[in-house]
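# Here's a sequence, model it:
(2 chains)
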Amino acid sequence: MSELQSSSKNLTRIKLTVDLVIFFAFLIAMDPRSSGIAVHEWLATAALAALIVHLLLSWDWIVQISRRFLGRVNLQTRINYILNWLLFIDGSVMMLSGFMISEAVFPTLGIELPRNFAWRELHDMTANLFLLLLGLHTALHWGWVVDTFKRYIFKPLGRLVSFRRRKDVTA
Amino acid sequence: MKTLGRILIILAVMAIVMGVTYAAVNSGGSASAAPQFEAGRRPPFREGQFDGDRHEGREGGGGWMFGLIKNVGVIAVVVTLIVLPKSVARKRRRTVAAS
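Next up, the predicted model:
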């Protein structure tokens, strides 16, 4: 296997891991009733770092499409690009409104902010929109999700199971 | 160095979006019309009016399962609504091309 292939394989593996971490963290953070407000806030704050890593891993695609956006780009890529911007803007607004009504992160840091209903309503609205946009984002990358799961999770698991079976038969 | 620059770009764009939102909320009617209060001196609110769903333990044991399943369900429905018709259309195109 060439060095280029190997590094691309590693990058895909890292992308899959980061995306899974973001996805599950988001699911936990999206339900403060169960996780508790402190977990909700700290997890969402930590997700900012994971989101930056996710964007860094897709940096080449972002730059490429940003340059070609007004030129020749197929419809799905164009929709995907717009959707990603919406997701980014919505995520930023959701984070800001979350900080403005923070009950755990900011008070722990010694920052007290005057709060009002507008931020609370904005936080709810952006969170609901984010869930919808995340669904669309997942749907547009479904092919990649299925391929990557098959290649890096199901196939190695299948190989492991068949290896164990062979071992059991020979024993 | 390149990565650091990219991180700064991402944070700068995020700061712009947050700055615009902050200005819009604070200058808009929604913020001035909304009741304001100092942290720690918050008056009691009705359940669900301000922070009814932000505190832990309100729903008991089954609450977290419901929230999690609901969120996964929303994502699954959206994915199905988009992926399924796309896959059917692709299969149809393939059948037409083969015949």
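# Next secondary structure after the worst-scoring helix or strand of chain A on mean pLDDT?
Lowest on mean pLDDT, DSSP states H and E among the helices and strands of chain A sits strand A:115-116, with a mean of 71. Where DSSP states H and E defines the elements, the next helix or strand beyond strand A:115-116 is helix A:117-140.
# all strands for chain B, in order.
B:36-37 (DSSP state E).
# Kindly tell me how buried B:Thr21 is, as a neighbour count.
Using other CB atoms under 10 Å in any protein chain shown, the number of residues around B:Thr21 comes to 21. (Each C-beta comes from the backbone N, C-alpha and C, glycine too.)
# Show the contacting residues for it.
For B:Thr21, the contacting residues are A:92-93, A:96-97, A:122, by CB atoms under 8 Å, 6 or more residues apart in numbering or on different chains.
# Please determine how far it is located from A:Met100.
Note on B:Thr21: its distance to A:Met100, by CB to CB, to the nearest Å, is 10 Å.
# do the helix ranked longest in chain B and chain A meet?
Criterion DSSP state H: the longest helix present in chain B is helix B:63-98. Yes - taking CB under 8 Å from any CB of the partner chain as the criterion, helix B:63-98 and chain A are in contact, through B:63-65, B:67-68, B:71-72, B:74-79, B:81-83.
# Show me what that helix is packed against.
helix A:3-29, helix A:32-35, helix A:117-140, helix A:142-149 (3 or more CB pairs under 8 Å, 6 or more residues apart in numbering or on different chains; DSSP states H and E).
# Switch these over to JSON lines, and while doing so, append distance to B:Ala15 to every line.
Shown next, in JSON lines, are those (distance: least, CB to CB, whole Å):
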{"stretch": "helix A:3-29", "distance to B:Ala15": "21"}
{"stretch": "helix A:32-35", "distance to B:Ala15": "25"}
{"stretch": "helix A:117-140", "distance to B:Ala15": "17"}
{"stretch": "helix A:142-149", "distance to B:Ala15": "30"}
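# any idea how far the residue most central in space within chain A lies from B:Leu68?
Nearest to the geometric centre of chain A sits A:Ile22, at 4.1 Å (CA atoms, centre = their mean). The spacing between A:Ile22 and B:Leu68, counted by CB to CB, is 16 Å.
# and A:Ile65, what element?
Going by DSSP H and E, A:Ile65 is in helix A:59-68.
# helices or strands up against that helix?
helix A:75-100.
# right, is the helix it packs on up against chain B?
Yes - contact between helix A:75-100 and chain B, assessed by CB under 8 Å from any CB, occurs at A:88-89, A:92-93, A:95-97.
# Adding pLDDT and distance to A:Lys155, write those residues out as JSON lines.
Shown next, in JSON lines, are these (pLDDT from 0 to 100; distance: CB to CB, whole Å):
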{"residue": "A:Phe88", "pLDDT": "95", "distance to A:Lys155": "33"}
{"residue": "A:Ile89", "pLDDT": "96", "distance to A:Lys155": "37"}
{"residue": "A:Ser92", "pLDDT": "94", "distance to A:Lys155": "37"}
{"residue": "A:Val93", "pLDDT": "95", "distance to A:Lys155": "40"}
{"residue": "A:Met95", "pLDDT": "92", "distance to A:Lys155": "37"}
{"residue": "A:Leu96", "pLDDT": "92", "distance to A:Lys155": "42"}
{"residue": "A:Ser97", "pLDDT": "92", "distance to A:Lys155": "42"}
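# A:Tyr152 contacts A:Leu16, doesn't it?
Yes - look at A:Tyr152 against A:Leu16 with CB atoms under 8 Å: they come within range, at 5.9 Å.
# what's the neighbour count on residue 99?
Assuming you mean chain A. Neighbours of A:Phe99 (other CB under 10 Å): 18.
# not what I meant, chain B
5.
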